[in-house]
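Visitor: Just a sequence and a predicted model for now, questions to come.
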Amino acid sequence: MSSVPPARASSRASGFPDERRPRVPGHTSSFGRSDGKTDAQQQYASTSHKRTASGNPRPVSRTAEERHVEQRKVVERTFEAHLQRLVPRSTTPPEREQRRSAQHEKRLSEASRHKVPEPRPRAETPQASWNPEVTLLPHTTAPLATRVSIPPLASTVPQAPQPKSLSELSLEVQEAAIVEDLLFVFMGYEGQYIRFAKGYNPDEERDRLTGPTFKIASGLDPSLHDLTQSMLKMATYYSALEAFVDVQSREEFGAVSHALCASVRKFLQDYLVMIAQLETQFLTSDTFTVHVLNIQTVSTQQMMLQLYSLAHELLKKNAMLDVDDEEEDDDEDDYDNIIENLRDGGDLVPGNMIGKKLCKGGVAIGLVTKRLEAMSGDPAARALLTTLLRDASRPYMVMLNEWLHHGGINDPHSEFLIKEQKSIRRERLEQDYTDEYWERRYTIRDKDVPPQLESVKEKVLLAGKYLNVVRECGGVDVSKVVQDVPTSFDDPRFLENVNNAYAHANESLMQLLLTTHALPARLRSLKHYFFLDPSDYFSYFLELGASELRKPVQKVNTSKLQSLLDLVLRQPGSIVSLDPFKEDVKVEMNEVTLTKSLQRVVNITGIEQGEALQPLANQPIENDKNASGFTSLQLDYAVPFPVSLVISRKTVWRYQALFRYLLSLRYLESQLSTTWQTQTRGISWGHRGSSRSLEIWKRRVWTLRARMLVFVQQLLYFCTAEVIEPNWTKFMSRLSVKDEALGKRPGGFMRTVDELMQDHVDFLDTCLKECMLTNSKLLRIHSKLMQTCTIFAAYTNWLTRELEKSDPDLTSANKPPTMTHDQWRRFQATKSTTRSSSSTADTSSATTPGGGGDATAAAAAAADARIENLFEIIRKWEGNFSRHLQILLDALNHYAATETVALLSLCARLSTANQGTEYAGLRNEEDAG
């Protein structure tokens, strides 16, 4: 017997006899039967229980007196007649039976004399009839949930005929009645003497999940009462587990909970089979007592206790039951998860559950695992919980194997340990400066990781991410079914499956990147363009585009520069002309100066993960109004998927920062070199004049120019030869190690794609740091030095004109004695082309005779004032450059000792540019002062 219809159970609970089987020994059922039973039929019915209340065999035939006592009483409540037999107990003493039979005959004779007339229709009140009906409950998201309405409580039945008090029954009859009631109570129905306790409401879901408590009618023998009370716990467990299975099988709880409920349902089915077997023993065995029933249900009660305890833990996690205070304190409002759920289009409260309390997936598996560890000393409990864990983990393992071997996620209930942000697509890689696609498209739900996967969760994440990339490139056959994989967590091959899948995924993606998409060649191409190695093609490009690059940045024609770059890159004889990726290089203008953009990144504090390098277009940075094409020029590089995972926008930004820095140094070097050429080839600078003060001034200008040129060249050499090149060699050597390991054996130790990506970022970060681009103080000092040198180079022509005006040999119309005829002729030609007509007129009037001595004296005074002004200007430039250079040297010494030791080499190189000046050793003087 698997179950009892609720209506029938409620009818027997209200006192009506059960038409399906006999009641307690000594009773026969006559519900729905005519009175014309033969004695043989009555005898068969009376002997269907082959036992008596005391457990001894009953006589096969009854006495005539006993048969005579069996009378029928007709009770007419409505138009239908219900017959109820009043059957005395067979174990009643003979004297009591005789008295009862005499009283009964007297009542029958009186009834025959005063015959009750047939009642008229609807003469009786409706409350006398009770006709409960079974209804179907509406569908829920749990397809196998019970849909039969809950039977009414026995306490609510109107005018229910109450059974005979237990105190009026003998011990044997009490035992038989209690055993029969227990068999019904074990299946969740009320009995005649064992009913639900007050306060239990089966219509309340929380009460059903907690399980009913039962109350035994008074008058039961104490020995039977104690045994019965101990067995009633199993009835509570069963009723609660039935409600648990119906509730936890709803859709929102996920596939793991569904599988767990299915496993519990199998145990409950076995439990009902056991109850049916116990009922058979009760009906057929004469020795079946409450004590025997208790012995045969002890082990089952322990099993039900384990299931009940596990169910309660899950329900508390789901906030379906009251939670202890200490557990409530541990749960804080997870606003981030709520907001993330709303962003994903989810509900604030899925179903009737509080979002933060929903327990599913890995959390449910973790609860079973935790309980299994706690009960490992109990063999029966361990076997039960192991079975539950095996069954509950099967759908989870299906998702895990799909992720490990195909790179896909089939997780409709959001219970897998890997979370997929479908809104983040690979098309955003072109504008993604935070590596959002790689770092945030697939993330780990840290609170939902099963204990079995805690140690390998990173491998699980990376294996699926790698395969997902390969799958998007068509390298994984999704239709292929993976054979011979573990299907549950208790499989000993479980961890081996994860490790093998991780190794295979890593090998597949590395093969795709290094071989199919030629990642090393891509990286070398980036080095050619962004690190100006070699720089011959770029110098040619700067010469061709000089006229365009001198314009303000708003007026620069980028299309023209792109055409010039394409022309240079295709020039035969250049290394870059053989580069297969030269089509991916683009020219663009960045109106924000390099120093401002770097300062913006360096000064960011309190940022969230993934927001360190935001696109500068989204940042409120003022553009440099004086920016020209040379200072705003930068390159961009288009990279296809999946190489864009390694060469992402975040790494391209680093390449661009280094490129702009190297370009600024090379451009300043070219400006200072042009200044050197002007001062070397120019007649006004080259001849030795008669004015000693001007000769001293010229030498100071040459010395300052040489110091500036040394500073720029040493800095450029340090950045290229001592920072970029060694780090590049180290990075490529690590990449070649990966390549060799890839070709050796698939199962061998091999570095991962994530390590390759991290090596790439570390290489660029190291270059930025050692090039002083990540320190705000060094950036400010370096910016002032570069600005000083740029202004000096830009004012070279002005200094030349001032020199020509101040030198008396050059202002006179006659050739000075220190100058050859050829030099004088060239100087005159240069002078005529560079000077304006007004300057020529002024010079003629100054040299025209007839001005007198006052004019000569005034001209000499003006020349002395001009020379003094030149000395003042060069003195300021020298002081500005020397002071900032010494501050830079002091800062380099400090950071070389505390952060980057590589800066010591730069400090030694730059110190030569400040030797012999008054600012050398400034730090020691300040310390002494």
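Guide: Alright, I've got the coordinates.
Visitor: What is the three-state secondary structure of the residue nearest to Ser806 when sequence neighbours are not counted?
Guide: Nearest in space to Ser806, with sequence neighbours left out and distances taken as Cβ to Cβ, 6 or more residues apart in numbering, is Arg866 at 4.5 Å. Every residue, glycine included, has its C-beta placed from N, CA and C. Of the three states, Arg866 takes helix under DSSP: H, G, I helix; E, B strand; the rest coil.
Visitor: Arg866 and Met231: what is the separation?
Guide: Arg866 sits 118 Å away from Met231, going by Cβ to Cβ, to the nearest Å.
Visitor: So for these two, which sits in the more crowded spot?
Guide: Using other Cβ atoms under 10 Å as the criterion, Arg866 and Met231 rank with Met231 on top: 21 against 16.
Visitor: Which parts of the stretch 301-450 of the chain are strands?
Guide: 418-420, 442-444 (DSSP state E, counting those that start in this stretch).
Visitor: Give me whichever of these is most buried.
Guide: strand 418-420 (a mean of 19; mean count of other Cβ atoms under 10 Å).
Visitor: So for the helix or strand hosting Thr297, what gets flagged as buried?
Guide: Here Thr297, judged by DSSP states H and E, is contained in helix 290-317. Neighbour-count burial for helix 290-317 flags 290, 293-294, 297, 300-301, 303-304, 306-308, 310-317 (criterion: 16 or more other Cβ atoms under 10 Å).
Visitor: If you count contacts, what does it end up packed against?
Guide: Applying 3 or more Cβ pairs under 8 Å, 6 or more residues apart in numbering; DSSP states H and E, we find helix 290-317 packed against helix 171-185, helix 222-248, helix 254-284, helix 362-374, helix 379-406.
Visitor: any idea of the mean pLDDT for the fourth one?
Guide: Along helix 362-374, the predicted local confidence has a mean pLDDT of 91.
Visitor: I'd like to know which elements that helix is packed against.
Guide: Secondary-structure packing of helix 362-374 (3+ Cβ pairs under 8 Å, 6+ apart): helix 254-284, helix 290-317, helix 379-406.
Visitor: still on that earlier bit, mean neighbour count, the helices and strands packed on helix 290-317: which tops it?
Guide: Comparing the helices and strands packed on helix 290-317 by mean neighbour count (mean count of other Cβ under 10 Å), helix 171-185 comes out on top with a mean of 23.
Visitor: who are the neighbours of that one, in terms of helices and strands?
Guide: For helix 171-185, the packing partners by 3+ Cβ pairs under 8 Å, 6+ apart come out as strand 194-196, helix 222-248, helix 254-284, helix 290-317.
Visitor: okay, the helices and strands packed on helix 290-317 in JSON lines with distance to Val485 next?
Guide: As requested, the helices and strands packed on helix 290-317 are exported to JSON lines (distance: least, Cβ to Cβ, whole Å):
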{"stretch": "helix 171-185", "distance to Val485": "46"}
{"stretch": "helix 222-248", "distance to Val485": "27"}
{"stretch": "helix 254-284", "distance to Val485": "17"}
{"stretch": "helix 362-374", "distance to Val485": "18"}
{"stretch": "helix 379-406", "distance to Val485": "5"}
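Visitor: Trp685: which of the ones you listed is closest?
Guide: Shortest distance between Trp685 and those, using Cβ to Cβ, is found for helix 379-406: 73.9 Å.
Visitor: angle of the closest one against helix 254-284?
Guide: Per axes from the mean of the first three to the mean of the last three Cα atoms, to 10 degrees, the angle that helix 379-406 makes with helix 254-284 is 150 degrees.
Visitor: follow-up on the earlier one: how about the helices and strands packed on helix 171-185, which one is nearest Thr210?
Guide: Of all those, helix 222-248 sits nearest to Thr210, with 6.3 Å by Cβ to Cβ.
Visitor: ok so, going back, quick one: closest of the helices and strands packed on helix 171-185 to Leu564.
Guide: helix 254-284 (61.0 Å).
Visitor: what number of residues lie near Ala896?
Guide: 17.
Visitor: residues touching it, list them.
Guide: Counting by Cβ atoms under 8 Å, 6 or more residues apart in numbering, Ala896 touches Ala902, Leu903, Leu904, Cys907.
Visitor: Likewise for Thr774?
Guide: Leu598, Val602, Asp765, Leu768.
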